[in-house]
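Peer 1: Have a look; sequence and predicted model below, questions after that.
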Amino acid sequence: MSGESVSGFVVGEELALLDGQINDILRVLSNGFQKLEKIKDPNRQSRQLEELTEKMRECKRLIKEFDREVKEEERRNTPDINRLLNDKKQSMIKELNSYVTLKKQYASNLGNKRIELFDAPGGGDGFVEENAVLASSMTNQQLMDTGNKMMDETDQAIERTKKVVEDTVNVGAETAAALKAQTEQMNKIVNELDSIHFSIKKASQMVKEIGRQVATDRCIMSLLFLIVLGVIAIIIVKIVNPHNKDIPDIPGLAPPANRKLLWFHNYR
């Protein structure tokens, strides 16, 4: 055994180190809750409470290690030292639970509805209830039963997690399929819009071509109409004044030649 001391008794170096770390954290918790009483801002109180909760988790872990070290050195220590170490451990647990109670009070005042760190699964209160039967007082059968129970609970938690993962994967696959179908539908709509746009463009070009053709036809009809009017005018003038030499004869419309009747010639 080394020269390290816990409560005046010489113990192992690892046990003494754990004792010092636990005492340091308990002092931090004491000072932290004293400061917490002076903080008025709820947000700052919540942050301070979270920091203290982390410290309580660390203290709980160290107390468990302390208990494990006590069991490992139990055969090498005298009964008085073992009793003293167990009393020391119980004192640490009691002090930690007092801070757990304070933490719950502050959390309740802040409206914090989260599950408390040190609550037992059945709604127990604090570290002592979680470890109501200490490992040091358990028989081998009790240890085995506790271990099997913990493994069963872990298996159930794993199965629940696997089911959640499977459900999430299925939902993701369904979502991906729906997105793919919607994407294909959108592509089809875009293609149809392109076809409609192309058809509208072609129709517009055809309308322009028809418009130009109609304009050309109108010009031709107007020209033909003017020609017809000119011909009619010439015909009328020629009929009215057949001896006008300024107007040339229209083929097929020349006046008939003077003819003498045969009977009149013979009579003379």
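Peer 2: Right, received. Where do you want to start? Numbering: from 1, shown residues only.
Peer 1: what ranges do the helices span in the stretch 151-268 of the chain?
Peer 2: Under the criterion DSSP state H, counting those that start in this stretch, the stretch 151-268 of the chain contains helices at 262-267.
Peer 1: what about it, any weak spots by pLDDT?
Peer 2: 242-268 (pLDDT under 70).
Peer 1: which stretches of the stretch 1-150 of the chain form strands?
Peer 2: Along the stretch 1-150 of the chain, counting by DSSP state E, counting those that start in this stretch, strands occupy 5-6, 9-10.
Peer 1: Now the last one: average pLDDT?
Peer 2: Mean pLDDT, strand 9-10: 59.
Peer 1: give the contact list for Phe33.
Peer 2: Listed by C-beta atoms under 8 Å, 6 or more residues apart in numbering, the contact set of Phe33 reads Leu52, Tyr99, Leu102. Placement of C-beta: from N, CA and C, glycine included.
Peer 1: burial measure for Lys64, as a count.
Peer 2: By the criterion of other C-beta atoms under 10 Å, Lys64 has 15 neighbours.
Peer 1: That one and Leu96, how far apart?
Peer 2: In this structure, Lys64 and Leu96 are 11 Å apart, going by C-beta to C-beta, to the nearest Å.
Peer 1: Ok, Leu193 next?
Peer 2: From Leu193 to Leu96 the distance is 71 Å (C-beta to C-beta).
Peer 1: Please apply the same query to Gln185.
Peer 2: 62 Å.
Peer 1: which one of the two has more residues nearby?
Peer 2: A count of neighbours by other C-beta under 10 Å puts Leu96 above the other of Gln185 and Leu96, at 23 against 10.
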